[in-house]
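Student: coords please:
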Amino acid sequence: MTRAEQRTALAAGALAILLITQWLIPIDLGLPSAAATAVPPAAVAASALPPYPGLIPGALFSPSRQAIDADGTADGLRAYALLGVSLSPRGASALLKGPRDFVTVRPGQSVAGWRLAGLDRDQARFDQPGKHIILTVGTPAQSTQDAKPIPSKEAP
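Tutor: Model (predicted):
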């Protein structure tokens with residue numbers, strides 16, 4: 001056996017002896033046992049939550065699930081976002097992104113039960129009897145009751 005092989009064998013033997021010694025001699029770290037530190041969970045009294053009008057019964061991830069207004073009616077137009085407005089001598093139109101597709105609407109046409117009443121360069125006003133919603137490019141729908149009409153830029 002060469003001298004290098006002897007050193008390797010000696011180092012391996014020393015490591016084996018240290019491993020056996022560590023396994024045989026327990027080391028007390030002074031930590032309490034797990035049974036001594038376990039605390040039973042305390043009972044929590046919780047009351048039932050009142051019904052929330054913003055939720056409807058049904059599957060949470062159902063594609064037909066819609067938001068509900070405070071008066072309990074579904075407001076389908078809130079599911080749409082205004083992407084842009086086109087104003088030209090040939091006519092005006094608004095491009096909306098809906099829950100499933102893109103929709104182009106001209107003044108007088110309806111989307112989700114709302115009639116497009118007017119267009120501005122970055123806004124679209126939709127009306128229902130007694131309600132108005134203004135969609136602005138890049139922002140969510142704003143519901144107003146006494147909104148000023150947005151004149152249509154459509155050519156006469």
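
Student: any idea which element residue 82 lies in?
Tutor: strand 81-88 (DSSP states H and E).

Student: The protein: helices as residue ranges?
Tutor: Using DSSP state H, the helices of the chain run over residues 3-24, 34-37.

Student: could you dump those helices to a markdown table with distance to residue 105, mean pLDDT and mean neighbour count?
Tutor: C-betas here are computed from N, CA, C, even on glycine. Shown next, in a markdown table, are the helices of the chain (distance: least, Cβ to Cβ, whole Å; pLDDT from 0 to 100; neighbours: other Cβ atoms under 10 Å):
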| stretch | distance to residue 105 | mean pLDDT | mean neighbour count |
| --- | --- | --- | --- |
| helix 3-24 | 78 | 92 | 10 |
| helix 34-37 | 66 | 65 | 7 |
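
Student: Dump these into a markdown table; add distance to residue 126 as well.
Tutor: Output for the helices of the chain, formatted as a markdown table (distance: least, Cβ to Cβ, whole Å):
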| stretch | distance to residue 126 |
| --- | --- |
| helix 3-24 | 77 |
| helix 34-37 | 62 |
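
Student: between those helices, which gets nearest to residue 120?
Tutor: helix 34-37 (66.6 Å; Cβ to Cβ).

Student: Which helix or strand in this structure has the lowest average pLDDT?
Tutor: strand 142-144 (a mean of 53; mean pLDDT, DSSP states H and E).

Student: Show me the shaky parts of this protein.
Tutor: 29, 31-38, 49-75, 140-156 (pLDDT under 70).

Student: Break down it into its strands, ranges please.
Tutor: For the chain, applying DSSP state E gives strands covering 81-88, 91-97, 102-105, 110-111, 114-119, 123-128, 131-136, 142-144.
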